[in-house]
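> okay, sequence plus prediction incoming.
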Amino acid sequence: MFFLTVLALIGIGVGAVATTTHPEVYGPSWGRFTAAFSRRVYELRGDTTVSVPGDPRGLTPFSSPVTLNLPVFGYSTSSSPWISYAPLAHGIYIPPGELDIVSVQTAVPASFGSNDLVIQQRLRVIKGVFFSDGVTEVVQDGNGFSVTTVGPQCSNGQCRAAQVISNGRALWELLAVSAGPASTVEGFLASFQPIG
């Protein structure tokens, strides 16, 4: 009996290691990542529109502004795509629990304009929709990645945090909303690992 109990405990330990050391890989081939989502993940596909300024000096292919449609792959613990656009900072309430969202799109090639400009556009939308005035923003660059973290910000019984990450080929947007403490949303952001 003791021997069977020891084998059972070893089996449980091996299973726990397997689930923690081999996380699920998400995203298209050019923008794969791993993340510790709080529950079941739904995939949503679509397009996003990015405005690229023109350059009359001829340093980019366009002398006037251009609008690009880029593919977007979304991964969310919500099965409703609208939730990722809900104005949470303006009184819309998400039921208790956690909402984790990661979307990935191709980065704008350098020949079309600055990827920093696209990052700033995305941050402006994220901050305007999900956060109130005065939210903290931290920018870091290293190992070929640009990482901007917004929040965490807690109000009305919810905490929110977001990140925009780019390696010049892909742009990842992360959002976490939780009825728990700020450490819950920070933990989700910390679990994110881009691949490639």
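Structure received.
> could you pull out the helices in the chain for me?
Using DSSP state H, the helices of the chain run over 2-21, 115-130, 182-191.
> show me the shaky parts of the protein.
1-23, 50-64, 80-97, 108-115, 196 (pLDDT under 70).
> need the strands for this protein, in chain order.
Assignment of strands within the chain using DSSP state E yields the ranges 25-26, 33-34, 42-52, 66-76, 98-106, 137-142, 145-155, 158-166, 170-178, 193-194.
> counting by contacts, list what the fifth one packs against.
This means strand 98-106. strand 66-76, strand 170-178, helix 182-191 (3 or more C-beta pairs under 8 Å, 6 or more residues apart in numbering; DSSP states H and E). To be clear about C-beta, it is placed using only N, CA and C from the backbone, and glycine gets the same treatment.
> got a markdown table for the ones you listed, with distance to residue 124 and mean neighbour count too?
Converted to a markdown table, those look like this (distance: least, C-beta to C-beta, whole Å; neighbours: other C-beta atoms under 10 Å):
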| stretch | distance to residue 124 | mean neighbour count |
| --- | --- | --- |
| strand 66-76 | 16 | 16 |
| strand 170-178 | 12 | 25 |
| helix 182-191 | 19 | 18 |
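> could you dump these to a markdown table with distance to residue 139?
Below are those laid out as a markdown table (distance: least, C-beta to C-beta, whole Å):
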| stretch | distance to residue 139 |
| --- | --- |
| strand 66-76 | 22 |
| strand 170-178 | 15 |
| helix 182-191 | 14 |
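> that's all I had, so thanks and see you.
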